[in-house]
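Asker: structure for the following, please:
(chains A and B)
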Amino acid sequence: MRGRQIDAPKRVESGRLALVSTLGEEGLQAGPQGSQVPVLEVRGLTKTYAVGRFGKARLVRALSNVDLSVMRGEVLGLVGESGSGKTTFARSVALLERPTSGQIRLLGREVPNRLNQARLREHRRHVQMVFQDPYTSLDPLHTVRYSLTRPLQTFKVVPKNTQAEAVDHLLTQVGLVPPQDFLRRYPYQLSGGQRQRVGVARALAARPALLLADEPTSMLDVSIRLSIMNLLLDLQKAESLSLVFVTHDLAGASYMSDRIAIMYAGHLVEVGPSERVMGEPRHPYTQLLRRAAPDPASHFGAGERFEARGDPPDLANLPSGCPFAARCPHVRKECTEALPEWRQVGPGHEARCVLY
Amino acid sequence: MAPLLEVRDLYVGYGWDERNVVTIVRGVNLTVAPGEVVGLAGESGCGKSTLAFAAAGLLEPPGRVISGQVLFEGTDLLKLPAEQLRALHLARISMVFQASMNVLNPVARIREQFKDAMKAHGIGSGEEASVRAKEMFARVKLPERFLDAYPHQLSGGMRQRAVIALALSLGPKLVFLDEPTTALDVVVQRSIIQVLNDLRHDLGFGVVFITHDLSLLVEIADRIAIMYAGAIVEEAPAQLLYQSPEHPYTVALMSAFPPVGGKRKRLEGLAGQPPDLRRLPPGCAFAPRCARFIKGLCDTVAPPEVRTAEGRRVSCHLYAETVPSRPLPEAVPGALVSQNNGALAARAGQPTEVSSDEGAAN
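Answerer: Sure, this is the predicted structure:
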């Protein structure tokens, strides 16, 4: 199905990340848990924005030193509240934002900090995004056919004479059948769920290795959410895609993901297998999130009181230690002095907390 | 105990002239006892907000009540002159909406907005209004200094708390909460739910809680009513509904909410789309999407409402005495995601086709 060979260097050195062999057949036949071949490796990713008037601008640290990798064929759930930096992470990886510092390695190759147009296009051929709002992410003045043909042309995915066929195939893949019913429609002629399906098809058109879905279901009605999640899972399996599913919804993340990464105030605080992170959350922030999430199975009759003090810190004035220290019920002196190191808390499960 | 609110056979529609009214709420009966939390859930467009607006006496044209009664402490709100109705609002009946930022006046300090509201209800002295505002801020756990803030200086969660404080400031007996936490983060949502719950215990008001988030509702409501195409298809005590949903729509709606944690398991959720309210199918409105559709019955005869001893009512042919041949769905303890969740997909001879799933263009 994917008639594209990925060239990659023989070996990739990286600090916390496992040594990596070439991307080959083994990578393409990833199991349900994904393979151990990273498609994306991010090290020390930091993004700051200058906010406010010139001369009085404050530096807002949206992302602080994030290390994260995504394996081939894996679904990684990136979970956090508003302002936690999860969207900034996705947009930085897609190079829709220019990272302030840090390294991004895609398919084993370093992505340089400054890219020319051709290299940027090359990067985006491999990394595609599905956006949150299907009402604004499609051009209202163009038909579905146009929106899907553009990436095929831009990334030279298929020869010109098979473009029409490729568009039909994309529509079929995302369940918009028969395709001819949808080709000539404008976004306003589609429902929210249908628009989001077009958004997914557009992202698939480039035949990316990595799909970044930024809250793709949060604008949709309950009945449609699950169908979009199932669509993403089906496509991810069929195409052995790597998928980063950015969400604030713990239930959705745990439904979708092989692994879950939890973000707080621009920091990554916990990463691990989905069942472990949701079942035995280790970082106090993850525990707070877990308790806050609607979950009748565990709340029924428990009558437990929910206590959450404080708010997330000001990103323009982050504390020196753990960003969660001010709200943490287990806070110690050392928490406020320096950012805790990553600790292994289980198989493939790490938390950035001094408790472990 | 006499009900606080009693909605009787209410029909509500939208339309500028009488001949072109689309009926949105169809024959709803609903009661709320003093101090009780009744949840209303359903997909977008099922009429839950329209029902709440009508029941609160807040419906404005082109919305119109077609027939029925809304009895609040025995008085029919629908027959009340506008002036008397306005006096009831805030003082006896209050409403909190999803978009709190659109409710607060952006160019007035919150203290002023409290004073305005109090003044409209005859509490003339600014002093007294201030005292009450302070007390309410303490109850919703907002620092007093934010009384002198403008709405834009507050975070979304704080604004929602301020709106709740305002809504409860005159001690209403009945509060409509329309998706009060939907736009908020989970931690903020949970603490607001906690605040509401505490206030309900302290102040003893009844609540109609509207949300599409069934898993949240199951936790906080005493009773839950499930709406579909403008009608209540099932109503039961929250725990009973959660553990053994009966109406196939309730079962399907529940399966659209994955559980947090646990073994990952494929869910099919709700296939198909809600019907066009201008052209409802004959018989049961849910029949075209129903996993347990009975040909010749569900598509011709409107389902009867069946009431059980446990305090459940369900409008479905499956539970009517005339159709004893089918087994009841299994009870599903433990998870919102039920054993029945494959039911929709398993619908024989009806492949789930996604294209028709999400509705045609507007």
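Asker: helices of the chain, start to end?
Answerer: All of this is about chain A. Using DSSP state H, the helices of chain A run over A:25-28, A:86-93, A:117-126, A:144-154, A:163-173, A:192-205, A:222-238, A:250-256, A:274-279, A:284-292, A:296-299, A:333-337.
Asker: hmm, I had chain B in mind actually
Answerer: Counting by DSSP H, the helices of chain B are B:48-55, B:82-88, B:110-120, B:126-139, B:156-167, B:186-203, B:214-220, B:238-243, B:248-255.
Asker: for A:Ser240, find the nearest of those helices.
Answerer: Closest to A:Ser240 of those, according to Cβ to Cβ: helix B:248-255, at 27.7 Å. The way it works is simple: take the backbone N, C-alpha and C, and place the C-beta from them, glycine included.
Asker: residues of the stretch 201-350 of chain A that sit close to chain B?
Answerer: A:221-227, A:229-231, A:248-252, A:254-255, A:274-275, A:278-279, A:288-300, A:305-306, A:308, A:311 (Cβ under 8 Å from any Cβ of the partner chain).
Asker: buried subset of these?
Answerer: A:221-227, A:229-231, A:248-252, A:254-255, A:274-275, A:278, A:288-300, A:308 (16 or more other Cβ atoms under 10 Å in any protein chain shown).
Asker: quick one on the thing from earlier: need the helices of chain A in TSV (columns: distance to B:Asp116 and mean pLDDT).
Answerer: Listed next are those as TSV, based on distance: least, Cβ to Cβ, whole Å; pLDDT from 0 to 100:
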stretch	distance to B:Asp116	mean pLDDT
helix A:25-28	64	38
helix A:86-93	38	95
helix A:117-126	52	93
helix A:144-154	48	95
helix A:163-173	54	96
helix A:192-205	37	94
helix A:222-238	37	92
helix A:250-256	40	94
helix A:274-279	46	94
helix A:284-292	34	94
helix A:296-299	38	70
helix A:333-337	44	93
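Asker: deepest-packed of the helices of chain B, please.
Answerer: Highest mean neighbour count of these: helix B:248-255, a mean of 27 (counted as mean count of other Cβ atoms under 10 Å in any protein chain shown).
Asker: wait, does that helix contact chain A?
Answerer: Yes - counting by Cβ under 8 Å from any Cβ, contacts between helix B:248-255 and chain A involve B:Leu253.
Asker: what packs against that helix?
Answerer: Contacts defined by 3 or more Cβ pairs under 8 Å, 6 or more residues apart in numbering or on different chains; DSSP states H and E place helix B:248-255 against strand B:223-228, strand B:231-237.
Asker: mind listing what the spatially most central residue of chain A touches?
Answerer: Most central in chain A under Cα atoms, centre = their mean is A:Val244, positioned 3.2 Å from the mean C-alpha point. Applying Cβ atoms under 8 Å, 6 or more residues apart in numbering or on different chains to A:Val244 gives the contacts A:Leu40, A:Val70, A:Leu76, A:Leu78, A:Ala90, A:Val93, A:Leu210, A:Leu211, A:Leu212, A:Ala213.
Asker: so what's the first one closest to, chain neighbours aside?
Answerer: Which is A:Leu40. Excluding the flanking residues, the one nearest A:Leu40 by Cβ to Cβ, 6 or more residues apart in numbering or on different chains is A:Val70, at 4.3 Å.
Asker: one more: the fifth one?
Answerer: Closest residue to A:Ala90 apart from its sequence neighbours, by Cβ to Cβ, 6+ apart: A:Leu212 at 4.4 Å.
Asker: how near is the one you found to B:Ala133?
Answerer: 45 Å (Cβ to Cβ, to the nearest Å).
Asker: near chain B, which residues of the stretch 1-150 of chain A?
Answerer: Residues of the stretch 1-150 of chain A lying near chain B (Cβ under 8 Å from any Cβ): A:Glu81, A:Ser82.
Asker: quick one, strands of the stretch 1-150 of chain A?
Answerer: A:38-51, A:58-71, A:75-79, A:101-106, A:109-111, A:127-130 (DSSP state E, counting those that start in this stretch).
Asker: how far away from the center of its chain is the shortest one?
Answerer: Using Cα atoms, centre = their mean, to the nearest Å, we find the averaged C-alpha position of strand A:109-111 to lie 19 Å away from the chain's own average C-alpha position.
Asker: run through the residues that contact the closest residue in space to B:Ser130 that isn't next to it in sequence.
Answerer: Once flanking residues are discounted, B:Ser130 sits nearest to B:Arg111: 6.5 Å by Cβ to Cβ, 6+ apart. By Cβ under 8 Å, 6+ apart, B:Arg111 lies in contact with B:Ser130, B:Ala133, B:Leu147, B:Asp148.
Asker: okay, B:Arg111: pLDDT?
Answerer: B:Arg111 is assigned a predicted lDDT (pLDDT) of 93.
Asker: what stretches of the stretch 1-150 of chain A score poorly on pLDDT?
Answerer: Of all residues in the stretch 1-150 of chain A, those with pLDDT under 70 make up the ranges A:1-35.
Asker: by proximity to chain B, which residue of it wins?
Answerer: Closest residue of the stretch 1-150 of chain A to chain B, Cβ to the nearest Cβ: A:Glu81 (4.0 Å).
Asker: on the pLDDT front, check the residue nearest to that residue when sequence neighbours are not counted for me.
Answerer: Spatial nearest neighbour of A:Glu81, chain neighbours left out: B:Asp185 (4.0 Å); criterion: Cβ to Cβ, 6+ apart. At B:Asp185, the model reports a pLDDT of 86.
Asker: before we move on, back to that, closest to B:Gly39 out of the helices of chain B?
Answerer: Across the helices of chain B, closest to B:Gly39 is helix B:214-220 (Cβ to Cβ), at 4.0 Å.
Asker: alpha carbons only: can I get the closest one in PDB?
Answerer: Extracted in PDB, the C-alpha atoms of helix B:214-220 (Å, rounded to 0.1, in the frame of the first residue of the first chain):
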ATOM      1  CA  LEU B 214     -23.500  11.100  30.400                       C
ATOM      2  CA  SER B 215     -20.600   9.900  32.400                       C
ATOM      3  CA  LEU B 216     -20.600  13.100  34.400                       C
ATOM      4  CA  LEU B 217     -24.300  13.100  34.800                       C
ATOM      5  CA  VAL B 218     -24.300   9.600  36.200                       C
ATOM      6  CA  GLU B 219     -22.100  10.800  39.000                       C
ATOM      7  CA  ILE B 220     -24.000  13.900  40.000                       C
END
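Asker: and that helix, what does it pack against?
Answerer: So helix B:214-220, by 3+ Cβ pairs under 8 Å, 6+ apart, packs with helix A:296-299, strand B:37-41, helix B:186-203, strand B:206-211, strand B:223-228, helix B:238-243.
Asker: so which bits of the stretch 101-250 of chain B are right by chain A?
Answerer: So the stretch 101-250 of chain B meets chain A at B:155, B:185-191, B:193-194, B:212-216, B:218-219, B:239, B:242 (Cβ under 8 Å from any Cβ).
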